[in-house]
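S.K.: quick one: sequence plus predicted model below, questions after.
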Protein chains: 4
Amino acid sequence: MKLTSKAAGTFAIAPTPFFDDGRIDDKSIDSLIDFYASIGCDGVTVLGILGEAPKLESAESESVATRFIKRAGDRLQIIVGVSAPGFAAMRSLALKSMDAGAAAVMIAPPPHLRTDDQINTYFKQATEAIGEDVPWVLQDYPLTLNVIMTNAVIRKIVMDSKSCVMLKHEDWPGLEKITALRGFQKDGSLRELSILTGNGGTFLDFEMERGADGAMTGYAFPEMLIDVVNLSKKGERDKAHDLFDAHLPLVRYEQQPGVGLSVRKYVLQKRGIIASAAQRKPGPVLSAPAKAEVDYLLSRVARFDKRARIEN
Amino acid sequence: MKLTSKAAGTFAIAPTPFFDDGRIDDKSIDSLIDFYASIGCDGVTVLGILGEAPKLESAESESVATRFIKRAGDRLQIIVGVSAPGFAAMRSLALKSMDAGAAAVMIAPPPHLRTDDQINTYFKQATEAIGEDVPWVLQDYPLTLNVIMTNAVIRKIVMDSKSCVMLKHEDWPGLEKITALRGFQKDGSLRELSILTGNGGTFLDFEMERGADGAMTGYAFPEMLIDVVNLSKKGERDKAHDLFDAHLPLVRYEQQPGVGLSVRKYVLQKRGIIASAAQRKPGPVLSAPAKAEVDYLLSRVARFDKRARIEN
Amino acid sequence: MKLTSKAAGTFAIAPTPFFDDGRIDDKSIDSLIDFYASIGCDGVTVLGILGEAPKLESAESESVATRFIKRAGDRLQIIVGVSAPGFAAMRSLALKSMDAGAAAVMIAPPPHLRTDDQINTYFKQATEAIGEDVPWVLQDYPLTLNVIMTNAVIRKIVMDSKSCVMLKHEDWPGLEKITALRGFQKDGSLRELSILTGNGGTFLDFEMERGADGAMTGYAFPEMLIDVVNLSKKGERDKAHDLFDAHLPLVRYEQQPGVGLSVRKYVLQKRGIIASAAQRKPGPVLSAPAKAEVDYLLSRVARFDKRARIEN
Amino acid sequence: MKLTSKAAGTFAIAPTPFFDDGRIDDKSIDSLIDFYASIGCDGVTVLGILGEAPKLESAESESVATRFIKRAGDRLQIIVGVSAPGFAAMRSLALKSMDAGAAAVMIAPPPHLRTDDQINTYFKQATEAIGEDVPWVLQDYPLTLNVIMTNAVIRKIVMDSKSCVMLKHEDWPGLEKITALRGFQKDGSLRELSILTGNGGTFLDFEMERGADGAMTGYAFPEMLIDVVNLSKKGERDKAHDLFDAHLPLVRYEQQPGVGLSVRKYVLQKRGIIASAAQRKPGPVLSAPAKAEVDYLLSRVARFDKRARIEN
């Protein structure tokens, strides 16, 4: 069940559920996994940026990852974010996660990397640290991570590390990047690589048309992501866009930096999937006007997509 | 016709039109202005970030600003972007623009400003440089400018400079900022201030509901901005959102950093408003797939809003 | 033996000693402590930036801190760097260190902090996280940490947190900052605060004259720091500068970003104080020409200060 | 008299002299040039970062550059800093400077460049903009410019542009960079290139030994730079270091970011070379304690180097 470069479909980015007092809510981990499995996700990524990973102690990270993995069982592939300030901590969490049954780990570049060489070297060292038998996902998210990887740099990282099986693509703008990487594969300079796209899904409609294999993001209605991915693969372009466009006002609202996770947890709680929308401190709190705006957006989405109709 | 803190409505951000060889296209300046006036814009902002201002020599900047101002006449208020690495150049362009009949100037903070004090001091010095009788617009655009101004800093800048009459609001997220600034006015700690919102219009629907006075952005269908601003002011919430949502897929596409201006000029050229979509070098070029995507988005917008139906 | 705002003298920043294979070298921890005690240091700071703290797993950090603390006993006050991406990890290391007998902890701001409010809020939350009974040192090191704290912000942090007892001052330029903070104390707006200076000692000569209480930095000849601090306090200005100037060529060489720690460990190893100059990977390696340059500098220092004469 | 890749020796970075009220002081331009010629400088660089170039209007920049060039005549090669936010302004100042008799122009990368490709492309476009017959100097100053160029990137820039004749080297740390670039020349992958070093001269002693061709920096005693360059070339290592070390306390003081130019202008005014130490606003002012510190440092330098004895 290890992740391969043939991976495709929809991988949900899971938040880490907390109780209002900041303790980890294990039962909501279970219900999250059950929900993702029930709607047909292919996998789940945990302890990513949205998983509030840096707020956890190392023992907590291991415990959360293990809980997600065990609950998923054979139903879902679990990818564990293992980005860390140092390789010792990265290695430790990677090995423990793989031992527990994770499908892969995900690594984001630290913000001080600037030159092409620095970036390439970092991922070589990371591969060494976790061991070359651990499949890993390269996260390319310049807006948040502040590291800019050109197409050529991504190619070099992938060609230098056989265990890099997937790109979590969330450059902005990013459509030409997909086209360029797929072009590299056509000209033989890049090997097979799964590309799943993030950015909250904001460009999923066209990303699929440019050659993405699917979505990996945390939008609180992963059902939409799954459907758009599938419709697009079937070539039902207009239908894919119709569904996507109905959700876009909410997708856009959820994709606001900083406050986005609050929106996401608010909706997931409203949907009954997690018990509390709380973030571990320090974290932003959704204002009353913001909640009302999200409610209004949900009601508008529900005119087109009944799954967004929430009773309460 | 000077800008005041009562300004409201829709101010279009105008691109600077070039011929394919990089020369300035004066006739397209005229047709841009005529277009903005014909659809009911209240004003036009020129030589902003989207106006490729840093690519112009100082004599060219003066010439472009003057052409826009003269053509506008009494039909539109013109705001001239005068941000510059030094105050001597800022002062010079500000004075020449006001002499030519501009309504105001717009100033963005330079990227090295970090602390609250540095920001406050910068705008005090800028006010001194241009002279206290020149009305000016404060641009708050952290995503691009990399300067973060808190609500309290904006208040201090405005209270310290009587000639600051407007905030060009484009923080992201930014809805709470509008609410906070309007709250300052209610508690008496902030004087009257016009707030027009940017960010390509991506949040215009809710920005109006939070208390914005209108829009100042460069979306290639300013007709939508005008209508949403007006519908929102009339309290026709659902109608405002219906129109906004129909355009949002294109708004989102146009709001991509770097490539956004290419999209905008492509659409404006397609609409026959400017002669060439060329940017002065160096500038990104829109790929064939991207053009096809924009065409598809236009056709989808046109199903709801006939003004987006373009023959060719 | 807890640290108070009356702390003064010289606190050495200790490197974390590793074996060539990256394991922690406990015996060299002991010899480092014994050395610092023997020359008359007042305290030692461990797990700072120079201590390669982010490369350690959390269990290792606790183990290293405890070893330093136990070996120091009553001879030296130990300050433990507890900066972490999240408050849970910070709290955990702080409590374990204090339980083991640390005198205080040191906290540096994370690099994403920009506005005055963000910085103030961060340190309020940090104080809450570690508990208000844990004395702590505020690190102000913009060159490396990329966070700019004005004099007023430092004052607010200190006035808001009674347990902040010391400023590790290493702004560059920083002399006026010392003068300003001491001025705040004269005008009654700032309470008592120990100020120890860093930056490798590059400005220690004048920092003492501006009102610093001593040095906290990692220069490989802390004997010089101790003497300059003492000479300066006795008012022997020329003697202080004569000694300082003799070391400055090496101080400057050691203060190079990135490579500095290599130089420091090279000299400490040459002096027989640690067994290996190795850094845990990834870390820069000192080139042969660089080693020869350091040797030459040592020989030049030794003409004035015999303690720099190293046999081998 | 155009600059070639054989250039060597000492090029002073000249400040732009202003009167107290901010007007340009042409007579002090003349006396600066006469001074630099009298002590044996090989050239002078004007309108660099230290020349407060961004504070000048474009007409002023041309006027200042021309004045320096005309006064220098055949005595000194003048390099004109032409860095600008856009290529139109860069081209204009470059052509006017070369027409007036400049030896070359100097170009620094704008701060938004991140990837190797972005940097390479920028300098290709810059070369096209100024014309391939204009010799130019590449400025590599990451601390201030925030752009990181690897050795390989510098090589590519130089190999791609025949008219790039010199590197103004001021990376920090930078010694290994000189060794690496000289190594590229030995292995045949890099053509002849003049390397002059900056950073206020802080590492000039070893930079010469690593293979630099000379100094290009603004230290207020360029006589020291000239002597160290010459002593080093003659192989008189200890003498070079003795002189260098005597000045290092002042060199270090002058190399403080932001305040450095104040120190430099203060000393140049004290030496009678410029009429006023004023910077055009906004600029930092040297405090009374800082002036006293500089005076003390001068008196200490004068014990070794009589040229630092200043009567007043």
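M.R.: Yep, that arrived.

S.K.: going forward, measure contacts and count neighbours with C-alpha atoms only.
M.R.: Fine.

S.K.: the stretch 151-300 of chain A against chain C: which residues are in contact?
M.R.: When proximity is defined by C-alpha under 8 Å from any C-alpha of the partner chain, the stretch 151-300 of chain A lies next to chain C at A:Pro282.

S.K.: closest residue of the stretch 151-300 of chain A to chain C?
M.R.: In the stretch 151-300 of chain A, the residue that lies nearest chain C is A:Pro282 (7.6 Å; C-alpha to the nearest C-alpha).

S.K.: against chain B, how distant is the nearest residue in space to that residue that is not next to it in sequence?
M.R.: The shortest distance from A:Pro282 to any non-neighbouring residue, by C-alpha to C-alpha, 6 or more residues apart in numbering or on different chains, is to C:Gln125 (7.6 Å). Per C-alpha to the nearest C-alpha, to the nearest Å, C:Gln125 is found 19 Å from chain B.

S.K.: what about C:Gln125, which helix or strand?
M.R.: Per DSSP states H and E, C:Gln125 falls inside helix C:116-130.

S.K.: parallel or antiparallel, list what pairs with the helix or strand following that helix.
M.R.: Beyond helix C:116-130 on the C-terminal side, the first helix or strand identified by DSSP H and E is strand C:136-140. Sheet pairing here is set by DSSP bridges, and for strand C:136-140 it gives strand C:104-107 (parallel), strand C:164-169 (parallel).

S.K.: can you put those in CSV and add distance to D:Leu231?
M.R.: Below are the strands paired with strand C:136-140 laid out as CSV (distance: least, C-alpha to C-alpha, whole Å):
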stretch, distance to D:Leu231
strand C:104-107, 46
strand C:164-169, 38
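
S.K.: need these in JSON lines with distance to D:Ser92 and mean pLDDT, can you?
M.R.: Converted to JSON lines, the strands paired with strand C:136-140 look like this (distance: least, C-alpha to C-alpha, whole Å; pLDDT from 0 to 100):
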{"stretch": "strand C:104-107", "distance to D:Ser92": "50", "mean pLDDT": "98"}
{"stretch": "strand C:164-169", "distance to D:Ser92": "45", "mean pLDDT": "98"}
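
S.K.: let me have these in CSV, extended by distance to A:Leu261 and mean neighbour count.
M.R.: Listed next are the strands paired with strand C:136-140 as CSV, based on distance: least, C-alpha to C-alpha, whole Å; neighbours: other C-alpha atoms under 10 Å in any protein chain shown:
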stretch, distance to A:Leu261, mean neighbour count
strand C:104-107, 27, 25
strand C:164-169, 32, 25
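
S.K.: neighbours of the residue in the stretch 1-150 of chain A positioned nearest to chain B, just the number please.
M.R.: Closest to chain B within the stretch 1-150 of chain A is A:Leu143: 9.1 Å, counting by C-alpha to the nearest C-alpha. A:Leu143 is flanked by 15 other residues according to other C-alpha atoms under 10 Å in any protein chain shown.

S.K.: host element of it?
M.R.: helix A:142-145.

S.K.: just give the nearest non-adjacent residue to the closest residue to chain B within the stretch 201-312 of chain A, would you?
M.R.: Closest to chain B within the stretch 201-312 of chain A is A:Gln256: 5.5 Å, counting by C-alpha to the nearest C-alpha. Nearest non-adjacent residue to A:Gln256, counting by C-alpha to C-alpha, 6+ apart: B:Pro173, 5.5 Å away.

S.K.: now do A:Leu231
M.R.: A:Ala240 (5.4 Å).

S.K.: does that neighbour belong to a helix, a strand or coil?
M.R.: Secondary structure, DSSP: H, G, I helix; E, B strand; the rest coil: A:Ala240 is helix.

S.K.: still on that earlier bit, who touches the helix holding A:Leu143?
M.R.: Helix A:142-145 is contacted from outside by A:Ala108, A:Pro109, A:Pro110, A:Pro111, A:Ile148, A:Met149, A:Glu170, A:Asp171, A:Trp172, using C-alpha atoms under 8 Å, 6 or more residues apart in numbering or on different chains.

S.K.: pLDDT score for the second one?
M.R.: What that stands for is A:Pro109. Here, the pLDDT recorded for A:Pro109 equals 97.

S.K.: is it in contact with A:Asn120, as I believe?
M.R.: No. Using C-alpha atoms under 8 Å as the test, A:Pro109 is too far from A:Asn120 to be in contact (10.0 Å).

S.K.: of those two, who's got more company?
M.R.: When A:Pro109 and A:Asn120 are compared on other C-alpha under 10 Å, the one with more neighbours turns out to be A:Pro109, at 24 against 21.

S.K.: tell me the contacts of that one?
M.R.: Counting by C-alpha under 8 Å, 6+ apart, A:Pro109 touches A:Ser83, A:Ile119, A:Tyr122, A:Phe123, A:Gln139, A:Asp140, A:Leu145, A:Val147.

S.K.: C:Asp160: which of those residues is nearest?
M.R.: Comparing those against C:Asp160 with C-alpha to C-alpha places A:Leu145 closest, at 31.5 Å.

S.K.: return the set of buried residues in stretch A:156-175.
M.R.: Using 16 or more other C-alpha atoms under 10 Å in any protein chain shown as the test for burial, stretch A:156-175 gives A:157-158, A:161-175.

S.K.: shaky segments in chain A?
M.R.: Applying pLDDT under 70 to chain A flags the ranges A:312.

S.K.: the strands in it, which residues?
M.R.: Here chain A has its strands, by DSSP state E, at A:9-13, A:43-46, A:77-81, A:104-107, A:136-140, A:164-169, A:194-197, A:214-217.

S.K.: could you give the angle of the longest one to helix A:116-130?
M.R.: Put plainly, it is strand A:164-169. Strand A:164-169 runs at 130 degrees relative to helix A:116-130, counting by axes from the mean of the first three to the mean of the last three C-alpha atoms, to 10 degrees.

S.K.: need the residues of chain A near chain D, please.
M.R.: Residues of chain A lying near chain D (C-alpha under 8 Å from any C-alpha): A:Arg114, A:Thr115, A:Asp116, A:Ile148, A:Met149, A:Thr150.

S.K.: spell out which residues of chain A are next to chain B.
M.R.: Within chain A, the positions near chain B by C-alpha under 8 Å from any C-alpha are A:Trp172, A:Pro173, A:Phe206, A:Asp245, A:Leu248, A:Pro249, A:Gln256, A:Pro257, A:Gly258, A:Val259, A:Glu293.

S.K.: contacts only, for the residue nearest to A:Gln256.
M.R.: A:Gln256, A:Pro257, A:Gly258, A:Val259.

S.K.: gap between it and chain D?
M.R.: 23 Å.

S.K.: with A:Pro282 instead?
M.R.: Distance of A:Pro282 to chain D, given as C-alpha to the nearest C-alpha: 30 Å.

S.K.: now swap in A:Arg264 and tell me
M.R.: 32 Å.

S.K.: how close does that residue sit to C:Asp20?
M.R.: 47 Å (C-alpha to C-alpha, to the nearest Å).
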